[in-house]
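# When you get a sec, could you give me coordinates for this:
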Amino acid sequence: MTDLQVRKMRFAFADYPVPFNWNPSDPAFSLATNMLSFLFLAIEKMISATVHEALPTITDPEVAEEALAFVRQEGQHSMAHRQHAKGLIKAYPALQETLDEVMAEYDELTVSKPLNYRLAYIADLEATFTPTFSMMLNNADTLFAPGDDRVASLFLWHFVEEIEHRSSALIIYDAVVADPWYRMRLAPEVFQHGGAVMVKAANSFNRLIPLEERKVDATSIFGSELWKSTLVKQFPFLQKYRLFAMSENGPTYRIYSQIPLREQFAVAFGVMCSQIPGHKPAKAKMPALAKEWLARYDAGYDVTRWYTAANNDQASQG
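As a prediction, the model looks like this:
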């Protein structure tokens with residue numbers, strides 16, 4: 001039997017405006033997570049359609065139960081991110097265009113690619129989440145704590161559950177496709193597609209959100225302009241050459257600048273290893289914050305206000 005728990009979360013996104021730059025101390029990370037909310041809506045819609053299409057071919061009842069729990073968790077994530085996206089679009093109506101573009105990319109993938117391809121896509125993508133989201137949870141004090149508690153709490157919950165169901169997509173893939181080499185061969189195409197959608201969303205943010213709101217060039221999250229700005233700061237005369245022309249979309253800012261490079265390299269290595277046949281997601285270490293989150297949830301703590309609830313508890317005890 002699966003040990004996944006479907007937790008229904010509601011965040012207070014309708015109570016007051018949702019800021020685009022929800023963590024002013026890290027505008028690049030704020031931008032990246034806004035993009036993730038849009039991407040998650042599209043990807044989780046594809047996951048639901050794909051898993052339900054695969055279910056009739058799954059003969060093992062335990063795998064079928066795992067698949068249903070997995071897709072139900074993802075369904076809850078989708079509902080919560082829809083509320084975040086709705087809040088962003090209410091504040092910045094032009095962002096509906098961005099969301100529509102992202103949704104269209106994955107709707108097209110769903111109708112144009114065969115089931116095995118989509119199961120491999122999902123398994124490849126989900127395999128990257130444990131190393132990536134573990135890094136974010138391990139650095140929550142700077143990435144999440146200083147920002148809007150609704151957005152921070154949404155992503156903490158989602159990332160914890162992605163790590164909780166870290167084996168699910170691969171279990172489903174192995175039950176239906178059972179070809180680890182196909183999954184590995186497909187990985188470059190998966191990452192290329194996902195990266196292209198993110199670039200499209202970043203360019204859309206640059207076009208639709210004023211610089212005074214987003215604070216940085218949205219493409220900062222890819223590091224594509226960072227090498228230019230670094231060189232120009234060292235050698236200002238380079239600015240006269242077209243190659244070194246600075247972005248007109250605002251200053252660049254290195255995402256995860258507060259996280260040691262060795263930790264980021266370890267994540268990159270973990271992502272690479274996650275695509276290799278024989279990879280066992282269950283062996284990945286659960287981050288301390290994920291364990292704490294699960295324990296607090298079980299104890300009845302208000303995890304939808306992860307930081308402000310803790311402050312209120314401390315104040316009442318004082």
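
# how far does stretch 186-204 sit from the chain's center?
How far stretch 186-204 lies from its chain's middle: 13 Å, per CA atoms, centre = their mean, to the nearest Å.

# can you list contacts of that stretch?
Residues outside stretch 186-204 that contact it (CB atoms under 8 Å, 6 or more residues apart in numbering) are 31, 35, 38-39, 42, 97-98, 101-102, 105-106, 109, 117, 120-121, 124-125, 218-219, 221-222, 275. Just so you know, the C-beta spots here come from the backbone N, C-alpha and C atoms, and that holds for glycine as well.

# Give me the subset of those residues lying in strands.
Taking DSSP state E, every one of those sits outside strands.

# show me what contacts the spatially closest residue to D174 that is not a sequence neighbour?
Nearest residue to D174 in three dimensions, chain neighbours excluded: P180, at 7.7 Å (CB to CB, 6 or more residues apart in numbering). Residues counted as contacts of P180 (CB under 8 Å, 6+ apart) are D174, P277, G278.

# Can you tell me which of these are buried?
The neighbour count (16 or more other CB atoms under 10 Å) marks D174 as buried among those.

# could the contacts of P180 go into a markdown table alongside secondary structure and pLDDT?
Listed next are the contacts of P180 as a markdown table, based on DSSP: H, G, I helix; E, B strand; the rest coil; pLDDT from 0 to 100:
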| residue | secondary structure | pLDDT |
| --- | --- | --- |
| D174 | helix | 96 |
| P277 | coil | 94 |
| G278 | coil | 91 |
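
# Now do the buried residues in stretch 275-285.
Within stretch 275-285, the residues that qualify as buried are Q275, H279, P281, A284, counting by 16+ other CB under 10 Å.

# Off-centre distance for that stretch?
Offset of stretch 275-285 from its chain centre (CA atoms, centre = their mean): 19 Å.

# how far away is V151 from H81?
If you measure V151 against H81 using CB to CB, to the nearest Å, the figure is 10 Å.

# The closest residue to R150 other than its chain neighbours: helix or strand, and which one exactly?
Excluding the flanking residues, the one nearest R150 by CB to CB, 6+ apart is F11, at 4.7 Å. Under the criterion of DSSP states H and E, F11 resides outside all helices and strands.

# Next one: F11 relative to S134, how far apart?
To S134, F11 is 23 Å away according to CB to CB.

# How about D302?
D302 is 24 Å from S134, by CB to CB.

# Who has more neighbours out of the two?
Neighbour count, other CB atoms under 10 Å: between D302 and S134, S134 has more, with 24 against 14.

# What pLDDT does the model give the more buried one?
At S134, the pLDDT value in this model is 97.

# just A268 next, same as before
We have a pLDDT of 94 for A268.

# just the helices in the stretch 201-318 of the chain please.
Using DSSP state H, counting those that start in this stretch, the helices of the stretch 201-318 of the chain run over residues 211-214, 226-234, 261-273, 288-298, 306-317.

# Now find how far off-centre the first one is within its chain.
Just to be clear, that refers to helix 211-214. 22 Å.

# What residues sit buried inside it?
For helix 211-214, the neighbour count (16+ other CB under 10 Å) marks R214 as buried.

# What's the mean pLDDT across it?
Rounded mean pLDDT across helix 211-214 is 94.

# that older thread, show me the contacts for the residue nearest to R150.
Per CB under 8 Å, 6+ apart, neighbours of F11: A80, Q83, H84, R150, S153, L154, T304.

# Please, which helix or strand holds the third one?
Spelled out, it's H84. Per DSSP H and E: H84 is located in helix 61-91.

# Can you point out the buried residues in that helix?
Quick answer for helix 61-91 (16+ other CB under 10 Å): 63-64, 66-78, 80-89.

# Please identify the helix or strand for H193.
Judged by DSSP H and E, H193 forms part of helix 180-208.

# I'd like the average pLDDT over that helix.
Average pLDDT, helix 180-208: 96.

# can you check stretch 287-295 too?
Stretch 287-295 carries an average pLDDT of 97.

# Would you mark the buried spots in it?
So stretch 287-295, judged by 16+ other CB under 10 Å, has buried residues P287, L289, A290, W293, L294.
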